[in-house]
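**Q** Sequence and predicted structure are below.
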Amino acid sequence: MSHDQLAFMSLAILLVAFLYSSVGHAGASGYIAIMSLFGVAATVIRPAALVLNILVATIASWQFWRAGHFQFRLFWPFAVLAIPCAFLGGYIHLPTRMFQVLVGAVLLFSAARFFAKPSDDTVRKEPSPWHAVPIGAGLGLLSGLTGTGGGIFLTPLLLFMRWARARQAAAVSAVFILANSSAGLLGNVVSTSSFPAFVVPFAVAAVLGGIAGSYLGSRRLPHQAIKRLLAVVLLIAGLKLLLT
């Protein structure tokens, strides 16, 4: 990887971290999209994305918690099995083509999610643990396998089912992403006994973008235009993974 590529990717990651953290996400699908577009090897994409996810999710969790949006009673049923399942997913080694297809499908789903019309920001009822626990387990496994935190699936679910308001969903998803990404990275490191050293400049960029984005997003920032831009990037990267 040349110095010019490294600098350009770092700038792109800063922008992705800013945009994602403003809507309560850590940006894994965006980081994966950038690294995929630049031809980074699949074996290092997953741990690199998880590292960046942990950093940005930590910042986003703190900002949304400070703003008073996090609700533990909404978080724990989804997280209780998600964390060990994320470790398992991170431990499992997928063949390169299977990883590309699975992540490509996740990116396309993410793009569709950002193109979708926002739901009514009201709460009908909170989820039953009997529903939330198995859903969380599935999202945890998927997050470990793909190098994402699962928030890209949890947030729309919370809003679609009207289990939480938008900022509550963002806060819960941020902590959910942090927990799953940490477990997934641990599982990957235990499995591979390796760590991508080139992620250091990306980490700095992600932290700077995450601080700015989560601060504005936890208070006041128009989200729809941001989501449309993210959707285009995810669509291109998802198609690239599926068609190459």
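**A** Thanks, I have it. Numbers count the residues shown, from 1 in each chain.

**Q** for the protein, what helix or strand is lowest in average pLDDT?
**A** Lowest by mean pLDDT, DSSP states H and E among the helices and strands of the chain is helix 224-243, with a mean of 72.

**Q** Go ahead and confirm residue 171 touches residue 64.
**A** Yes. With contact defined as C-beta atoms under 8 Å, residue 171 counts as touching residue 64 (3.7 Å). Quick note: C-beta positions are derived from backbone N, CA and C, even for glycine.

**Q** Okay, helices next: where are they in the protein?
**A** Secondary structure of the chain (DSSP state H): helices at 3-22, 28-37, 42-66, 72-91, 96-115, 129-146, 151-160, 166-192, 199-217, 224-243.

**Q** tell me what the first one is packed against?
**A** The reference is to helix 3-22. Judged by 3 or more C-beta pairs under 8 Å, 6 or more residues apart in numbering; DSSP states H and E, helix 3-22 is in contact with helix 28-37, helix 42-66, helix 199-217, helix 224-243.

**Q** Specify the stretch among these that is closest to residue 136.
**A** Checking the helices and strands packed on helix 3-22 against residue 136 by C-beta to C-beta gives helix 42-66 as the closest, at 15.9 Å.

**Q** For the closest one, which residues meet the burial criterion?
**A** By neighbour count on 16 or more other C-beta atoms under 10 Å, the buried set for helix 42-66 is 42, 44-64.

**Q** Determine the set of other helices and strands touching that helix.
**A** Applying 3+ C-beta pairs under 8 Å, 6+ apart, one finds that helix 42-66 contacts helix 3-22, helix 28-37, helix 96-115, helix 166-192, helix 199-217.

**Q** okay, the helices and strands packed on helix 3-22 in a markdown table with distance to residue 98 next?
**A** Listed next are these as a markdown table, based on distance: least, C-beta to C-beta, whole Å:
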| stretch | distance to residue 98 |
| --- | --- |
| helix 28-37 | 15 |
| helix 42-66 | 10 |
| helix 199-217 | 23 |
| helix 224-243 | 11 |
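
**Q** And the helices of the chain: which comes nearest residue 123?
**A** helix 166-192 (7.9 Å).

**Q** in that closest one, what's buried?
**A** 166-188.

**Q** So the closest residue to residue 94 other than its chain neighbours versus residue 103, what's the distance?
**A** Leaving aside its chain neighbours, residue 94 sits nearest to residue 145 (6.5 Å; criterion: C-beta to C-beta, 6 or more residues apart in numbering). In this structure, residue 145 and residue 103 are 9 Å apart, going by C-beta to C-beta, to the nearest Å.

**Q** Residue 192 now?
**A** From residue 192 to residue 103 the distance is 17 Å (C-beta to C-beta).

**Q** Over to residue 84?
**A** 22 Å.
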